[in-house]
Every structure is written in structure tokens, then in C-alpha cells.
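Novice: next comes the sequence, and after it the predicted model I'd like to discuss.
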Amino acid sequence: MNSPLVSVVMPLRNAQFTIEKAIASLRRQSYENLEIILVDHASEDNSPALIKKAASGDKRIRCFRQEGSFVEAANFAWQSSKGELIARMDSDDIAHSTRIENQVGLLAAQPQLSACGTLVNILKRGEDGQPIPPEDGYKRYEAWINSVVTHDQILTERFVDSPIPNPSAMIRRSVMESLGGYQDPLWAEDYDFWLRLLEAGHKIAKVNQRLLDWYDGETRATRTLGRYDLSRFQVAKSHFLKRIPDILQLGVVICGAGPVGKEMGHLLSTAGVKVQAFLEVNERKIGNQIDGIPILDSGELSHFFGRAVVLGAVGQKGGRERIRMLADGCGFLEGKDFFCVA
């Protein structure tokens, strides 16, 4: 098999307690033709000294300092690399020893893929620094994100949540360049990247193995920066949903008049998308209105076939599958004229 150079790029900040283990996991990779690009993003702890020490002992490692925004650091990292394939990694995660080898193998076996990820173990660190299982919410998220593996699954469920754990990503350099790297929207730059990549017609899949230990720490950017708030993810979803031609032309009908459906309806209406109706199973809600839009019985879904795109927007357990069954029974095709959002 051809062995292209892989650039593992890692922007980091204040990671003195985790960076050495993260780097060690990369140095143990079974795939040898790689370089490791470490970009310190204005750390105030001992991180700069630790990455310099790592670089002094391994010629594959290059380290830099970048004083701009996190997105600027992430872009600087891959732009400073030389590899044909660019692998992302975070400073508090652990890559399993065959991660890079398996991802290179998948992209070689399926040249139609522009990028790939892996399955993950989502973990927390206890007070002693040892890994512990996450809370129930993250267990459900781990189950979901590990269930979307093929390109069709990822494409279909891209509005549920970000379908690729960013620290597990490997991207062809040519694709990264064609998309201009990461942009700096109001929402998460990695989710934005994947939605733009899919919108442009690129294909993604995952190695069907758990090859990354993905740690949820209290100081992780996803917990501390506003761009990663759930409300910002909803704005991102509405932004890309409104760019789907059938949604622009026909509008939507939203299955679910609870908090998720209400918020998505408001965002889409504000963006100029026609929300024709909300559909509900709760008899107490049927017959009411939300911002002047009627709430109808879910049994009326078939009347909207060919007249609107259906959005399944429910948060309760099992609700998404019930809407899928209803939409399928009415002839809607998920990923074409029916999408689940969460």
C-alpha cells in the first residue's frame, strides 16, 4: 500500500496536564510516515515548554506559537504541515496505536471519500486523572455518534449533531484547501466545516472501530466557549437547512411543537423559510398556533407529501424513531425531503 505522509495537527492551549500523554499516543502509532504539528495558542501554563521538549526528542514533531483566535491556530496548524493527509487531534485525547494506519487504509480503499473519522470512547477524568465513564447524556451521544458510520448515514443525520468527532478526523489536503480550511462563524468551526464539506458534495465515512479516547474535560473549549453552546448549534443547522433548494422553494412542516421544534421554526421563519405547519400527537397542543403557524394532528402528514420538506424535531427518547416511521409510511425519503433535527 502507498504510504502518504500524514500530518497530525494539534492546536492546544493550557494543556500541561494532558499534552504529554496525547503526544505519546501519536508517537506510538503503527503508521510511521507522519509528522506532528503542535501549535500553542497563547497558553499561560507550562504547555510551551512541554511541546518544545517533545520536539527536541523526535524529529517528526514541529511546534509553533500562535497568538490569534483558536480558529486561526487551527488553520495555521494544517497550513504549516506538509502531508497529503491531515489528521486532527486534541491535546487532551488519546489516539489508539492503529488509528492513523486504519484511516489511511480506509481512504486508500475508498478513493471517493474526502475525509474519514473513527468511532470513539467518550470519557471523563476523575480527580486522580484516571478515566471514568461519562454521564448518561454523553453515553447517549456516544451511542449516536458511533452509529453513524457510512456516508449515507452521516449525510442523513447531519442535522442531529456534528457527525464526525473532530479529533478523530482525517482529511485529504486537497479538500481542506478547496474549502478554505476552517471558517470563523458564530457556531462551532468544526461542525461548520463538516456541513460545508457535505453541502459541496464530498463524501465522508468512518473506520468502524473505536480508535480515539475522547475526553470531556471541564476546561475543554466545547464547555467554555460560547460558539459551542447548544443554541449556536441550532443556528448552524438552520443556516444550512435554509440553503437546501427544496426547503427554499417549498418550505417545511415541523413534526414536534416542543422546545426543539419551536426554536427551529423560529430560526427558519426569521431566515425567510416558510413554515407551513407544526404536527403533533399531543391533543392538548393540536388546534393551537405558534407564532401564527397552526399545530395540526400528525395524521395529516401525508397531505404535505410533495408540498413541503419534513423536519422531525423532537427531544424525547424514542420520538425520532416514531417520526421516522410516520414519514416513511407517507413516502418521505430521509435525506431528501425529510430530515431529523435535534
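Specialist: Structure's in. What do you need?
Novice: where does the residue nearest to S80 when sequence neighbours are not counted land in three-state SS?
Specialist: Closest residue to S80 apart from its sequence neighbours, by CB to CB, 6 or more residues apart in numbering: I37 at 5.7 Å. All C-beta spots, glycine's among them, are computed from the backbone N, C-alpha and C. At I37 the chain is in strand, as set by DSSP: H, G, I helix; E, B strand; the rest coil.
Novice: could you list every helix and strand that the helix or strand where K53 lies packs against?
Specialist: If you go by DSSP states H and E, K53 is part of helix 47-56. Here helix 47-56 touches helix 19-27, strand 34-41, strand 61-66, going by 3 or more CB pairs under 8 Å, 6 or more residues apart in numbering; DSSP states H and E.
Novice: buried residues, that helix. List them.
Specialist: S47, P48, L50, I51, A54, A55 (16 or more other CB atoms under 10 Å).
Novice: and the angle from it to strand 61-66?
Specialist: 150 degrees (axes from the mean of the first three to the mean of the last three CA atoms, to 10 degrees).
Novice: what lies in contact with helix 47-56?
Specialist: With CB atoms under 8 Å, 6 or more residues apart in numbering as the test, helix 47-56 has contacts from 12-16, 19-20, 23, 38, 40, 61-63, 65, 91.
Novice: tell me how far I145 lies from R227.
Specialist: 19 Å (CB to CB, to the nearest Å).
Novice: which one's more surrounded, those two?
Specialist: More neighbours surround I145 than the other of I145 and R227, with 24 against 19 (other CB atoms under 10 Å).
Novice: that one contacts N166, correct?
Specialist: No. Applying CB atoms under 8 Å as the test, I145 and N166 come out as separate, 11.2 Å apart.
Novice: list residues touching both of the two?
Specialist: Between them, I145 and N166 share no contacting residue, judged by CB under 8 Å, 6+ apart.
Novice: hmm, back to that, which of the contacts of helix 47-56 sit farthest apart?
Specialist: Farthest pair in these (CB to CB) is N14 and R62. Separation: 20.4 Å.
Novice: what's around the nearest residue to Q289 once chain neighbours are set aside, how many residues?
Specialist: Leaving aside its chain neighbours, Q289 sits nearest to I295 (6.5 Å; criterion: CB to CB, 6+ apart). Neighbour count of I295, defined by other CB under 10 Å: 20.
Novice: got a list of what I295 touches?
Specialist: A257, A277, F278, L279, E280, K285, I286, G287, N288, Q289.
Novice: try it again at 6 Å.
Specialist: A257, F278, E280, K285, I286, N288 (CB atoms under 6 Å, 6 or more residues apart in numbering).
Novice: most surrounded residue in those?
Specialist: Busiest of those [other CB under 10 Å] is F278, holding 28 neighbours.
Novice: and that one, backbone torsions?
Specialist: phi -110, psi 140 (degrees, to the nearest 10).
Novice: show me the strands in the stretch 201-342 of the chain, by range?
Specialist: 203-215, 252-255, 275-280, 289-290, 293-297, 309-313, 338-341 (DSSP state E, counting those that start in this stretch).
Novice: tell me the buried residues in the longest one?
Specialist: Going back to what we said before, that points to strand 203-215. For strand 203-215, using 16+ other CB under 10 Å, the buried residues are K203, I204, A205, K206, V207, R210, L211, L212, D213, W214, Y215.
Novice: okay, now the sheet partners of that strand, with direction.
Specialist: The pairing partners recorded for strand 203-215 under DSSP bridges are strand 94-95 (antiparallel), strand 113-125 (parallel).
Novice: format those strands as JSON lines; extra columns: mean neighbour count and mean pLDDT.
Specialist: Converted to JSON lines, the strands paired with strand 203-215 look like this (neighbours: other CB atoms under 10 Å; pLDDT from 0 to 100):
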{"stretch": "strand 94-95", "mean neighbour count": "24", "mean pLDDT": "98"}
{"stretch": "strand 113-125", "mean neighbour count": "21", "mean pLDDT": "95"}
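Novice: between these, which gets nearest to V309?
Specialist: Of those, nearest to V309 by CB to CB is strand 113-125, at 25.6 Å.
Novice: what mean pLDDT does the following helix or strand past that closest one get?
Specialist: Remark: after strand 113-125, the chain's next helix or strand is strand 131-132, criterion DSSP H and E. Over the span of strand 131-132, the pLDDT mean works out to 78.
Novice: how about stretch 237-248?
Specialist: 98.
Novice: list the buried residues of it.
Specialist: K237, S238, H239, F240, L241, K242, I244, I247.
Novice: how far off centre is that stretch?
Specialist: 18 Å (CA atoms, centre = their mean, to the nearest Å).
Novice: over to stretch 234-243?
Specialist: Distance, centroid of stretch 234-243 to centroid of chain: 14 Å (CA atoms, centre = their mean).
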